[in-house]
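1. Have a look at this prediction, sequence included:
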Amino acid sequence: MSIENKMLRLRCLAVLLACFRVAEAAGVDRIANVENGIETLVVDDAQHPVRLDIVRLMKAYNDPGLSIAVIDGYRVAWKRGYGTVGANDSARVNDLTLFQAGSISKPVAATAMLRLVESGKLSLDEDVNAYLKSWKVPDNEFTKNEKATLRRLVSHTAGTTVHGFPGYDVDARRPTIAQILDGSPPANTAPVVVNFLPGSKARYSGGGVTIEQLVLTDVTGETFPALLSKSVLDPIDMHDSTFEQPLPRNLAARAAHGTYQDGKSVHGSWHIYPEMAAAGLWTTPGDLAKFAIETALAEEGKSSRLLSTSMTRERLTAQPGSNGRIGLGFFVSPDSPGEFSHDGADEGFQASFVMNAKTGKGVVIMTNSDNGMLVAWDVIGSVATEYGWTKPQKRSLARRLSLITQIKGADAALKAYALAKADPDQAKQIDGSVLDMVGSIAWSSGKREDGLKIFERNAREYPDSAESLAGLGEAYAELHRTESARAAFNAALKIDPANHAAVEGLKKLGTVP
């Protein structure tokens, strides 16, 4: 090789290296922009806004750990972990730390079901009792003419009961799927039944998705974890994910530990979920990003490793009876074309992902905290701003007041609440649920004095609200202020004699309503 050619090659390498360094620096800047770009917290008109970053936000909400994967241009732009794997653990979260995905399990499970539909082994619109062998959906007046179908189960329009599942302590007996569906011991939830006309409306039902789980295992004869690994996880290299419950020992060493809202650890680090399709996935943001990207590429006709483009487009289309918001396993946005998403919550864990098939932009956030969604929503807003999402991601009034309470206390939050009520635009957002949410988060986070102040203010603001009075009664009861609790419950029942919280509260106090 001539000296000239060698020099030319060296110059080319130098240019490539310089371009790489520029790109790397730009990537680092974008990460820092997301970390430090959390929406500022406006406390009141007389104070400067409180500036926040991811770490300060996590601290405010007792969230020990967070892991994130940002998607841009149909690829993972970056992944990063923050904090520790547990409230009492010094080990740092990294991009290989496993978290429980909660209900984000549902769209992953639905993918396995839809693959069986595409292969002709299942039909979306057949009565699921035609497939079930080990258990049947009980027939009643609601199923006489309309049936629970797979389409309806995964779009939450089948009329099935049981919203979600608390899981089982690591030391507790665990039921079979049939026992869960029957609500028989040792199951800790009610029976799953159809109690309104299938197809007529939407109501979120983890119970219905558990029926879907049983369909898949009855039809294939395979265990659910094995089926999901073969049909969904392995084909797109989700090698840090599993539906195995309990978590195998080799993976448990990499898993985060669940944390309650008050910062205390979940006994045994996490709960176990036999309801795998509804809540049983262990994974990482990086792996869920692969799933989100594959779904987006399939919708755009650029991949078919899991599902065809036609099936993917059908699953991202709002289903009949879903009020335009639920596809086949995903939530879809009537306001943002191409957007699909899902949140998840297990005991001590919360997670969220959002992806847009049209723009190739998205994010996955997983936390080991029951306050994790409050952190995740603000981080999603920062990502949306940095990466130019068209949909604005602003903090709601209730979330703003909650964050003020966590950082500045109830007095500052109530002052901000009064200012909001005086503003005609903000006043439109206010009803009794706002302070109820703020008080509940403060109370559950261990700030009971702050929570009580907010509950008391809410009862004064809405003296004709049975819900506000009953909520105040529950707070008094937990503080052993029995007479105050009894008075609040009785006041609630004067407004609504059937108020469940007030009735049960009085029973616990030894008083017959």
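-> Right, received. Where do you want to start? Please read these numbers as outputs of a predicted model, since none were measured by experiment.

2. part of a strand, is residue 342?
-> Yes: under DSSP: H, G, I helix; E, B strand; the rest coil, residue 342 falls within a strand.

3. thought it was touching residue 104?
-> Yes: Residue 342 lies in contact with residue 104 (C-beta atoms under 8 Å); the separation is 5.0 Å. Every C-beta, even on glycine, is put in place using the N, C-alpha and C of the backbone.

4. and the next element down the chain from the helix-or-strand element of the chain with minimal mean pLDDT?
-> Sorted by mean pLDDT, DSSP states H and E, the helices and strands of the chain end with helix 3-36, the least confident at a mean of 66. Sequence-wise, the next helix or strand downstream of helix 3-36 (DSSP states H and E) is strand 38-41.

5. Residue 503: neighbouring residues, count only.
-> The tally of other residues near residue 503 (other C-beta atoms under 10 Å) stands at 17.

6. So which residues lie in contact with the helix or strand harbouring it, not counting its own?
-> For residue 503, the host element (DSSP H and E) is helix 500-508. Helix 500-508 is contacted from outside by 466-467, 469-471, 473-474, 477, 485-486, 489-490, 492-493, 496, 512-513, using C-beta atoms under 8 Å, 6 or more residues apart in numbering.

7. if you set the cut-off to 7 Å instead, what comes out?
-> Applying C-beta atoms under 7 Å, 6 or more residues apart in numbering, the set of residues contacting helix 500-508 from outside is 466, 470, 473, 474, 477, 485, 486, 489, 492, 493, 513.

8. Let me see the ranges of the helices in the stretch 351-500 of the chain.
-> 372-386, 397-408, 410-422, 424-427, 432-444, 448-461, 466-478, 482-495, 500-508 (DSSP state H, counting those that start in this stretch).

9. Which of these comes out lowest on mean pLDDT?
-> When the helices of the stretch 351-500 of the chain are compared on mean pLDDT, helix 424-427 scores lowest, with a mean of 89.

10. what's that helix in contact with?
-> Applying C-beta under 7 Å, 6+ apart, the contact partners of helix 424-427 are 397, 420, 421.

11. same deal with stretch 324-338?
-> So stretch 324-338 is contacted by 106-107, 110-111, 114, 151, 154-156, 202, 314-319, 339-342, 356-359, 391 (C-beta under 7 Å, 6+ apart).

12. Check stretch 464-478 too.
-> Residues outside stretch 464-478 that contact it (C-beta under 7 Å, 6+ apart): 432, 436, 443, 451-452, 455-456, 458-459, 462, 484-485, 488-489, 491-492, 495-496, 499, 501-502, 505, 508-509.

13. Identify each buried residue in stretch 349-368, please.
-> 349-357, 359-368 (16 or more other C-beta atoms under 10 Å).

14. per-residue confidence averaged over that stretch?
-> 98.

15. Output that stretch as CSV, nothing but the C-alphas.
-> Provided in CSV are the C-alpha atoms of stretch 349-368 (Å, rounded to 0.1, in the frame of the first residue of the first chain):
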residue,chain,number,x,y,z
PHE,A,349,-43.5,-2.7,41.5
GLN,A,350,-44.9,-0.3,38.8
ALA,A,351,-44.0,0.2,35.2
SER,A,352,-45.1,2.0,32.0
PHE,A,353,-44.4,1.9,28.4
VAL,A,354,-45.6,4.0,25.4
MET,A,355,-44.7,3.6,21.8
ASN,A,356,-45.8,5.2,18.5
ALA,A,357,-45.7,3.0,15.4
LYS,A,358,-45.8,6.0,13.1
THR,A,359,-42.9,8.0,14.6
GLY,A,360,-40.7,5.2,16.0
LYS,A,361,-40.5,7.0,19.3
GLY,A,362,-41.2,5.5,22.7
VAL,A,363,-40.0,4.8,26.2
VAL,A,364,-40.2,2.0,28.8
ILE,A,365,-39.8,2.7,32.5
MET,A,366,-39.8,0.1,35.3
THR,A,367,-39.6,0.8,39.1
ASN,A,368,-39.5,-1.1,42.3
